Every structure is written in C-alpha cells, then in structure tokens.
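S.K.: return atomic coordinates for the entry below.
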Amino acid sequence: VNSNIRQIIEIEMEEEKKDHSTKGVAERLARPNILALHPYRCARDDYSSGILLDANENAIGPTSLPTKSLDPYDNHLTLERYPCPYQIPLKESYAAYRGNGLRAENIFVGVGSDEAIDLLMRIFCKPGVDCIMTTPPTYGMYKVCANINDVSIINVPLTPDFDLQIPEMISAVTKETKLMFVCSPGNPTCKAIPLSDIVDLAKSTYHGIIVVDEAYVDFSDQGSAVSLIQQYPNIVVLQTLSKAFGLAGIRCGFAIGSPDVIQLMNNVKAPYNVNKLTEEVARNAMANISTLEQNIKTLLDQRQKVTEELENLDFVTKVYPSDSNFLLMRLKQKSKEIYKTMADNGVVVRFRGNELHCDECLRMTIGTESENKACIELLKKTYSDMTS
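M.R.: Here you go, the predicted structure:
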C-alpha cells in the first residue's frame, strides 16, 4: 500500500513539474479572475490618428494649461518634493464651483473617475461575496473593475428608451449588493437620468450606496446629483475634468459624498495619487470658468446643428436626444462596416451596435465645426458607396 501511495505522489509531482515547465510564472501564480479578465478597450486601442470623434473628448481644447516655468526658469512647484496627498486648495475651489454647501471633506480627488470606481469597490465589496448593480447599456469600466476585484454584477437593463427600471432594480438587490452604479448622462445612451429617479433610489429599501457617474453633467440641463448629497448620505457622485473642461490628458476626477465615505477613500488611496502638475492645471481651470462656459456653449450649438443634419439623412433612422457632448445614431444597415471604413479614411467615430438596445448604432463625439462637417460628409459618402 505504501509503495502505491509513493508511486501516486511521484506521478503527481512529475505532473506538477511538467505543468510548471509549460506555464509562465504569471499563469501559475495569478488569481483566476485576473487571468480571465477582458481589459477595458479604450478608443485609442483601435485608432489614434485622424479626426478623432470616438472618445467623447472636448475638441475645442483645454480650459487651462500648465503655468509656464522654463523661460524664465521657475520651479515654483518644487518638483523634487512629493505633492500634498490631500489637494486641499483644489478641493476647496472645486467645492466652491459646484456649490450646494460642499466643503473639502466632501471631495475625493483621483486619477480620473476610474480610480474612484475602483476604490469604492475595494472599500465596500468583499471579493467573492458582495456584488454591484449596473444598468446596461452603460460605461464599461464598472464591469472591468468588478472583475478585477472579484465582485459579481447584477444587471438590470435600461428600457429601450434608456430609462431606469426602478421597481426592477429594487427587487433585484440583495444584502450583498453594496454599490449601485447609475451613469447620468449615460454612455453610450447620452441621456440624463432625472434627479427624481435618484431620489427614489436613495429613499427606497435599498441600503447600499448609489453611485451617480456624472462625467457629462456639464452638457446637461437636468442638474447634478451633487444637490442631493447633503440630504442623502447614501449617494456618491463621480465627476471629471476630462470632458467639458477639456482636460482628459491630466487624468483628474472627483468623488463627492458624505465625509465618512470620502475619508475611507482617502485612507485607502495611494499616498501621492495626484501629481503636482495635474493639480496645478486643475486649479488653473477652476480660475478659468468663463472659458469653460464658452466652450460648453460652442459644443452645445454644434450638437444642435449636427443633430439636425443627421436627422435629415434618410439612412439615419434615429438620433437619440442628447444631454452630453456626443450623439448616438442608428443607421438602416452596415453600421459596423461603415464605422471601419470611415476610420480607415481618417474620421473615427465609435461602433456601439454590440450593446443592448443599440443595434446598428454609432456614437459620434461633437467636435469642432470643421470636424463635424467632415464627419457628416464622409458618413454620407461611405454609406452611399457601401449600399449603392
């Protein structure tokens, strides 16, 4: 019997050696959920040149720039020293801009909104136990962050008109549902969720946190859920400087919520997550709100013009109403082929036909007047060439 046991052990050890020799160290040691991960696919993974109307950036340009410091030489940021880990002046100026009685202790500053999404899951969700809720079609990073953190997802789809199904959402939650993500205005839906819906969720029997992702809020006339923070401590609002402020390149975002939630986020984040250059540009932006407002007006004017032109095209069956700096349109046919051909010819939009309720849909960022004209002309030519 003992010899048989030894033989089995030796066979197993030999098999393990073979397994180690054929697998890399990452495959042998990484968590299974990480090995199975499908990473977020950003716009630049596909195309990085041409007229880029695919990433919902602000083509008008940035609200602010870094302070000139080379001529004459001026090391006013003392870049040899670590930055302040709490960005108090930036938080104070951002709180003053957003109003509603906000103070610095209501605001977390991070590397875009994505850091805040990840932190909230790390703080509130036990891996392999807890879950989040999303309402597809929606922003893809919620799913990616959940998969990274080994957190399961309950999906309660939006209606075909991109409205929340609140009774269904409340029915679907469990005691393990710690976070509920609501993207407003939505991506790719471009539709803002009424604040009354957010209030209904906050007042419901759901006992988790409602995370309202407002990356595009400055293009909407619906108002911000920031106005609800003081009354409803179970609401956290995410915002960013990447869209209306035209500062996607500095990677600066905010979480706005009750002080106890924000304190936990500050406790868990990396010590120096926001660098001095990012903070300086962000503070400069807070002092340049007139440029922000003018850029928003320009983009909204262009959004209206582009909407009207698209609605006049017989092969565009629907242009969804937009509360953001982009449009979602449905073509009669061949939207994926048209997207690829347009991109290969220098104008890049985003194909969204593989998402729920978005059959044959393209998403087009509102760019400058000349970019928008070029996009529409190429769209018309491409559709004609591919269907004639």
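S.K.: and for residue 374, the neighbour number?
M.R.: Using other Cβ atoms under 10 Å, the number of residues around residue 374 comes to 17. Placement of C-beta: from N, CA and C, glycine included.
S.K.: helix/strand/coil for it?
M.R.: helix (DSSP: H, G, I helix; E, B strand; the rest coil).
S.K.: where is the longest helix in this structure?
M.R.: helix 289-311 (DSSP state H).
S.K.: tell me what that one is packed against?
M.R.: Packed against helix 289-311 by the contact rule (3 or more Cβ pairs under 8 Å, 6 or more residues apart in numbering; DSSP states H and E) you find strand 316-319, strand 326-331, helix 369-387.
S.K.: how about the strands in the stretch 151-300 of the chain?
M.R.: 152-155, 177-183, 209-213, 235-240, 253-256 (DSSP state E, counting those that start in this stretch).
S.K.: packing partners for the last one?
M.R.: Contacts defined by 3+ Cβ pairs under 8 Å, 6+ apart place strand 253-256 against strand 107-110, helix 112-124, strand 235-240, helix 259-268.
S.K.: quick one: contacts of that strand?
M.R.: 94, 98, 102, 106-116, 119-120, 226, 229, 236-242, 261-262, 265 (Cβ atoms under 8 Å, 6 or more residues apart in numbering).
S.K.: so where is this protein shaky, pLDDT-wise?
M.R.: Scanning the chain for pLDDT under 70 picks out the ranges 1-2, 15-22.
S.K.: contacts for the longest helix of the chain, please.
M.R.: Under the contact criterion Cβ under 8 Å, 6+ apart, helix 289-311 has outside partners 58, 60-61, 63-64, 97, 218-219, 244-246, 285, 316, 319, 322, 325, 327, 329, 364, 366-369, 372, 376.
S.K.: can you flag the buried ones in those?
M.R.: Neighbour-count burial (16 or more other Cβ atoms under 10 Å) is assigned, among the contacts of helix 289-311, to 58, 60, 63-64, 218-219, 244-246, 285, 316, 319, 322, 325, 327, 329, 364, 366-368, 372, 376.
S.K.: among the helices and strands packed on helix 289-311, which is the most enclosed?
M.R.: Counting by mean count of other Cβ atoms under 10 Å, strand 326-331 has the highest mean neighbour count of the helices and strands packed on helix 289-311, with a mean of 24.
S.K.: any idea of the angle the next helix or strand after it forms with helix 369-387?
M.R.: Using DSSP states H and E, the helix or strand that directly follows strand 326-331 along the chain is helix 335-344. Following axes from the mean of the first three to the mean of the last three Cα atoms, to 10 degrees, one obtains 130 degrees for the angle between helix 335-344 and helix 369-387.
S.K.: start the count at 41, not 1, going forward
M.R.: I'll keep to 41 as the first residue from here, and by that count the last item is helix 375-384.
S.K.: what residues does residue 67 make contact with?
M.R.: By Cβ under 8 Å, 6+ apart, the contact set of residue 67 is residue 75.
S.K.: wait, a strand at it?
M.R.: No. Residue 67 is assigned helix when assessed by three-state DSSP, not a strand.
S.K.: helix/strand/coil for residue 123?
M.R.: coil.
S.K.: tell me the contacts of it?
M.R.: By Cβ under 8 Å, 6+ apart, the contact set of residue 123 is 312, 314-316, 319.
S.K.: check which residues of the longest helix of the chain are buried.
M.R.: 331-332, 335-336, 338-340, 342-343, 346-347, 349-350.
S.K.: on that earlier part again, how about the helices and strands packed on strand 293-296 in a markdown table, adding mean neighbour count and distance to residue 126?
M.R.: Supplementary listing: these in a markdown table, determined by neighbours: other Cβ atoms under 10 Å; distance: least, Cβ to Cβ, whole Å:
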| stretch | mean neighbour count | distance to residue 126 |
| --- | --- | --- |
| strand 147-150 | 26 | 8 |
| helix 152-164 | 21 | 15 |
| strand 275-280 | 26 | 18 |
| helix 299-308 | 16 | 7 |
